[in-house]
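[1] output the structure for:
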Amino acid sequence: MSFTAIIPARLASTRLPNKPLADIGGKPMVVRTAEQVGQSAAQSIYVATDSQQVIDAIQPYGIPHLLTRADHPTGTDRLAEAVDLLGLKDDEIVVNVQGDEPLIAPELINAIASHLQQHPNAAIATIATPFNHDADFFNPNHVKVVCNLTGHALYFSRAPIPWARDAMQQHPNLMAPNLGALHHIGIYAYRASFLRQFPHLVRGPLEKHESLEQLRALENGFSICVYQIPQAPAQGVDTPADLDKVREIFQNRL
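    Numbering: from 1, shown residues only. The predicted model follows:
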């Protein structure tokens, strides 16, 4: 299995400014993430960033990097530029690992690349896991995905889907028994050919309303295969509280 891993890293985070540079056990977060990705089967690993500060932070560690434009509306658009900068062939697989995933399991990176490779008609592969808590299912910050019988995504939403009409009409704040609701985990594998097309695709009403860029692929007729895992992976870093937890984990390791 051959694939390239690209780690987008930008400083403009509203909840945690300068997030990729946050210190975790003596190293910037983006470096910790790259070290985890380096334990995967990826043939090449690059940090894609629009910030010279990020480049200056990773250079002492010898991590390859790409300086991308600062005007990309989404992370997928940044990946599209990276694919062109690298000159990747259309049939190559690219795994996107966000720079705020210092605990990501290398095996998960390998699995998502393999899953896309095994589904030649899909443009994208992504990950989902069952919801175990009612509050998470009803939380709009937790994205849901529903799939067809072959494991391909039908729709992603911030709303609680699927909606069990009868059971949840009686108990609207509880997941129905055996609902099988899936929590979308934002780790992706792409075909380079799709990434090249992505910036030119029409941004449809579903993407605009939900603010979920993966809906652009579905609205334009591309297929997304979903790799299901039994439990959620280690969390990324979105908030200062998340950062404190991850720092504690690394401190215990060290």
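[2] what ranges in the protein fall below the confidence cut-off?
    For the chain, the stretches flagged by pLDDT under 70 are 13-14.
[3] determine the longest strand present in it.
    If you go by DSSP state E, the chain has its longest strand at strand 182-191.
[4] how far is it from where the chain is centred?
    5 Å (CA atoms, centre = their mean, to the nearest Å).
[5] and for stretch 30-46?
    Centroid separation for stretch 30-46 versus its chain: 15 Å, with CA atoms, centre = their mean.
[6] how about it: buried residues?
    Neighbour counts using 16 or more other CB atoms under 10 Å place 30-34, 36-37, 40, 42, 45-46 of stretch 30-46 among the buried residues. Any C-beta I mention is one placed from the backbone N, CA and C, and that applies to glycine too.
[7] between those residues, which is nearest residue 92?
    residue 42 (11.5 Å; CB to CB).
[8] ok, back up a step: please narrow the buried residues of stretch 30-46 to those residing in helices.
    Here DSSP state H is the test, and the buried residues of stretch 30-46 give 30-34, 36-37 as lying in helices.
[9] so which residues of the stretch 101-250 of the chain form strands?
    Using DSSP state E, counting those that start in this stretch, the strands of the stretch 101-250 of the chain run over residues 124-130, 144-147, 153-157, 182-191, 224-228.
[10] could you dump those strands to TSV with mean neighbour count?
    Listed next are those as TSV, based on neighbours: other CB atoms under 10 Å:
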stretch	mean neighbour count
strand 124-130	22
strand 144-147	20
strand 153-157	19
strand 182-191	22
strand 224-228	21
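[11] so which of the ones you listed gets nearest residue 63?
    strand 182-191 (19.4 Å).
[12] elements contacting the closest one?
    Judged by 3 or more CB pairs under 8 Å, 6 or more residues apart in numbering; DSSP states H and E, the packing partners of strand 182-191 are strand 93-96, helix 106-117, strand 124-130, strand 144-147.
[13] residue 154 and residue 144, how far apart?
    11 Å (CB to CB, to the nearest Å).
[14] next one: the residue of the chain most remote from its centre from residue 176, what distance?
    The C-alpha centroid of the chain is most remote from residue 170, which lies 35.0 Å away (CA atoms, centre = their mean). Distance from residue 170 to residue 176, counting by CB to CB: 9 Å.
[15] between those two, what contacts are shared?
    By CB atoms under 8 Å, 6 or more residues apart in numbering, residue 170 and residue 176 have no common neighbours.
[16] residue 73: which of the strands of the stretch 101-250 of the chain is closest?
    Residue 73 lies closest, by CB to CB, to one member of those: strand 182-191, at 16.6 Å.
[17] follow-up on the earlier one: TSV for the helices and strands packed on strand 182-191, including distance to residue 84?
    Output for those, formatted as TSV (distance: least, CB to CB, whole Å):
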stretch	distance to residue 84
strand 93-96	12
helix 106-117	20
strand 124-130	18
strand 144-147	29
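[18] quick one, which of these is nearest to residue 85?
    Residue 85 sits nearest to strand 93-96 of all the helices and strands packed on strand 182-191, at 12.1 Å, using CB to CB.
[19] sheet partners, orientation included, of that closest one?
    Strand pairing for strand 93-96, using DSSP bridges, gives strand 4-9 (parallel), strand 182-191 (antiparallel).
[20] what strand or helix carries the closest residue in space to residue 238 that isn't next to it in sequence?
    Distances taken as CB to CB, 6 or more residues apart in numbering put residue 15 closest to residue 238, at 6.0 Å, once the chain neighbours are dropped. Under DSSP states H and E, no helix or strand contains residue 15.
[21] can you pull the contacts of residue 15?
    238-240.
[22] what's the answer for residue 130, then?
    180-183, 228, 230.
[23] relative to residue 82, how far out is it?
    Residue 130 is 33 Å from residue 82, where distance means CB to CB.
[24] kindly report the same for residue 180.
    For residue 180, the distance to residue 82 - CB to CB - is 36 Å.
[25] same thing with residue 223?
    As for residue 223, its distance to residue 82 is 23 Å (criterion: CB to CB).
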